[in-house]
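In: sequence and computational prediction follow.
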Amino acid sequence: MELRSFKTSYHHGIEKGIPRYFRFLASWPVVPTIVISVLMIFFIFSYTIISNFSLKTAALNMKEESEGFWRQKSERKMKLVLSVFPLHSTQEEVDNVNQSSLIPPVNVSRVERIEWFKSKLPEFEIFRSDNLTERFHDRVLEFLNQKCEVQFFMTWIAPAKSFQRKEMLGVESVFKAHPDGCLVILSRSMDTEIGYRKLKPLLDRRFRVLTVAPDLSFLFKNTSVEAWFDEMKKGKKDPGKIPLAQNLSNLIRLAVLYKYGGIYIDTDFIVLKSFKGLKNSIGAQSMDMMSESWKTLNNAVLVFDMNHPLLFKFIEEFALNFNGNKWGYNGPYLVSRVVKRVEGIPGYNFTILPPMAFYPVDWENIGGLFKRQKSPVESGDVEETQLQPSEKSYGVHLWNKRSSRLAVEEGSVMERLMLNHCVICQGIYSS
């Protein structure tokens, strides 16, 4: 009974879809029955094909609409995730700027160099003040108000694309030795989405690192260098033959420690052990072996309390005797000059650490650190670092000017240092 009803309704449905003239032919007795049957079979076959095609088209459209929906949803989710993270600048760093255009021309007079500098002022991003730099102080205070075990500072004035694996190793080594520490990188170029992407692996592991565009006017305010900076950014001073970025880095590290206190390290410095026990210290780069007194100091690592009087003297010396024509004059030689004058005077209270603390390998021998060591004799100055880095050294300065193009060879001291003090530990053999 049910089967008969189903067949009846099925054929009735087909008949409803048959055009009237076919039904008319079926009722006309002159037309042979076989012709009518053939025509009806043809119509049913065509009807089925058209129906299947329509269903497939509809299904395809539904699939495309569904894929479009999930693609849009995924894109919205991605945009949402990016907006949640602290991308403090919506403008990407313009990495294709020809940085060589900011290097002073050679064989020109002082007056000609000042004129060149005036014409290039708009290209010096470090001088720019905007909404990003205005939030500098608040962002730093908020970030450091996290019960940091130790607070570190770095500076980076080059483009973000230049912040490569070797610089990342320096950052990683900070957190390898200080998992609960905080690191502030003062850099406009790194305070972008590009900089965020470079540091994201560390942020994903919940290490506390902040990239922030510095407000130099705020950092230098109420210090002896304030007037010097105002004249420099107006193009009234001679920047000298040395790229100004290098000298500004020397000054920024002094000012940021004077404002906030903490530890400054260069980006080409590998931290080997905790700095937690250090206080108001600077490292000697070389010693006089006869007198056992220091010959030169270096400013690649500085450990000082906020408002320390020695920092004040360093900044004062920079403002009074700035010379942009001599390499190191406003950096290592500056701290050496000032310490010679104030060493032993009551009230300064600082410690000069031996070279083994921060500079266990001299810049002349840094290449040996990257080469495969075949014998103890071949190691030379590197041998002591290889055997006792954790006992005597807080870290190793890589002297980037000499080592930037060196690759890390397997079996080298550098390989072991990187493997022992990295966090992400990727691409250790890249230059």
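Out: Alright, I've got the coordinates.
In: spatially nearest residue to His421 (excluding sequence neighbours)?
Out: Ser173 (4.4 Å; Cβ to Cβ, 6 or more residues apart in numbering). (Each C-beta comes from the backbone N, C-alpha and C, glycine too.)
In: list the contacts of Trp294.
Out: Listed by Cβ atoms under 8 Å, 6 or more residues apart in numbering, the contact partners of Trp294 are 284, 286-288, 352, 354.
In: quick one: least confident of the residues you listed?
Out: pLDDT across these is lowest for Asp288, at 89.
In: so Gly395 bridges to which residues?
Out: Val271 (DSSP bridges).
In: I'd assumed Asp266 was in contact with it.
Out: No: using Cβ atoms under 8 Å as the test, Gly395 is too far from Asp266 to be in contact (9.8 Å).
In: need the pLDDT of Phe370.
Out: pLDDT at Phe370 comes out at 88.
In: residues near the closest residue to it other than its chain neighbours, how many?
Out: Leaving aside its chain neighbours, Phe370 sits nearest to Leu406 (4.4 Å; criterion: Cβ to Cβ, 6+ apart). Applying other Cβ atoms under 10 Å, we find 17 residues neighbouring Leu406.
In: which one of the contacts of Trp294 sits closest to Val150?
Out: Using Cβ to Cβ, Ile352 comes nearest to Val150 of the contacts of Trp294, at 20.6 Å.
In: my guess is the closest one contacts Ala284, does it?
Out: Yes: between Ile352 and Ala284 there is a contact under Cβ under 8 Å: 5.7 Å.
In: partner strands of the helix or strand hosting Asn299 and their direction?
Out: In this structure, Asn299 sits in strand 293-304 according to DSSP states H and E. Here strand 293-304 has these sheet partners by DSSP bridges: strand 262-265 (antiparallel), strand 281-288 (antiparallel).
In: for the last one, buried residues please.
Out: Which is strand 281-288. Judged by neighbour count using 16 or more other Cβ atoms under 10 Å, the buried positions of strand 281-288 are 281-285.
In: what lies in contact with it?
Out: Residues outside strand 281-288 that contact it (Cβ under 8 Å, 6+ apart): 293-304, 310, 332, 335, 339, 350-355, 357-359, 362.
In: any chance of a PyMOL selection covering the buried ones in the residues you listed?
Out: Typed into PyMOL, the line below selects the buried ones among these, using 16+ other Cβ under 10 Å:
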select buried, resi 294+297+298+299+300+301+302+303+304+310+332+335+339+350+353+355+357+358+359
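In: one step back: quick check: mean pLDDT of the strand holding Asn299?
Out: The average pLDDT within strand 293-304 is 97.
In: tell me what the following helix or strand past it is packed against?
Out: For strand 293-304, the following helix or strand on the C-terminal side (DSSP H and E) is helix 309-321. On a contact count with 3 or more Cβ pairs under 8 Å, 6 or more residues apart in numbering; DSSP states H and E, helix 309-321 meets helix 226-233, helix 244-260, helix 332-342.
In: quick one, which of the ones you listed is nearest to Cys422?
Out: Here helix 244-260 is closest among the helices and strands packed on helix 309-321 (Cβ to Cβ), at 24.1 Å.
In: and that closest one, what does it pack against?
Out: Counting by 3+ Cβ pairs under 8 Å, 6+ apart, helix 244-260 packs on strand 151-155, strand 182-186, helix 216-220, strand 262-265, strand 293-304, helix 309-321.
In: need those in CSV with distance to Trp116, can you?
Out: Formatted as CSV, the helices and strands packed on helix 244-260 follow (distance: least, Cβ to Cβ, whole Å):
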stretch, distance to Trp116
strand 151-155, 24
strand 182-186, 26
helix 216-220, 21
strand 262-265, 31
strand 293-304, 28
helix 309-321, 23
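In: out of those, nearest to Pro239?
Out: Among these, the nearest to Pro239 by Cβ to Cβ is helix 309-321 (13.6 Å).
In: what's the mean pLDDT across that closest one?
Out: Helix 309-321 comes out with an average pLDDT of 98.
In: from Asn330, how far off is Glu317?
Out: To Asn330, Glu317 is 9 Å away according to Cβ to Cβ, to the nearest Å.
In: ok, the two, which is more surrounded?
Out: Here Glu317 and Asn330 are compared on neighbour count by other Cβ under 10 Å; more neighbours surround Asn330, at 26 against 19.
In: ok, and the closest non-adjacent residue to Gly411?
Out: Nearest non-adjacent residue to Gly411, counting by Cβ to Cβ, 6+ apart: Arg372, 4.1 Å away.
In: contacts only, for the residue nearest the centre of the chain.
Out: Taking Cα atoms, centre = their mean as the criterion, Gly195 is the residue nearest the geometric centre of the chain, at 3.7 Å. Neighbouring residues of Gly195 by Cβ under 8 Å, 6+ apart: 93, 160, 163, 185, 187, 189, 211.
In: check the residues you listed for burial and list the buried ones.
Out: With neighbours counted by 16+ other Cβ under 10 Å, the contacts of Gly195 contain buried members at 93, 160, 163, 185, 187, 189, 211.
In: tell me the one among those nearest to Arg416.
Out: Looking across those and measuring by Cβ to Cβ, the closest to Arg416 is Phe163, at 24.1 Å.
In: for the closest one, give me the backbone phi and psi.
Out: The phi/psi pair for Phe163 (degrees, to the nearest 10) reads phi -80, psi 90.
In: you'd agree Phe275 is up against Leu302?
Out: No: with contact defined as Cβ under 8 Å, Phe275 does not reach Leu302; the gap is 11.1 Å.
In: show me the common contact partners of the two, please.
Out: Ile263.
In: any stretches of this structure with poor pLDDT?
Out: Counting by pLDDT under 70, the chain contains low-confidence residues at 1-101, 375-390, 426-431.
In: let's see that with 50 instead.
Out: By pLDDT under 50, the weakly predicted segments of the chain are 1-32, 34-36, 38-39, 41-98, 379, 382-388, 428-431.
In: just the buried positions in stretch 355-375, please.
Out: 355-361, 363, 366, 368-371, 373.
In: so how far is Phe136 from Ser291?
Out: Going from Ser291 to Phe136 by Cβ to Cβ gives 44 Å.
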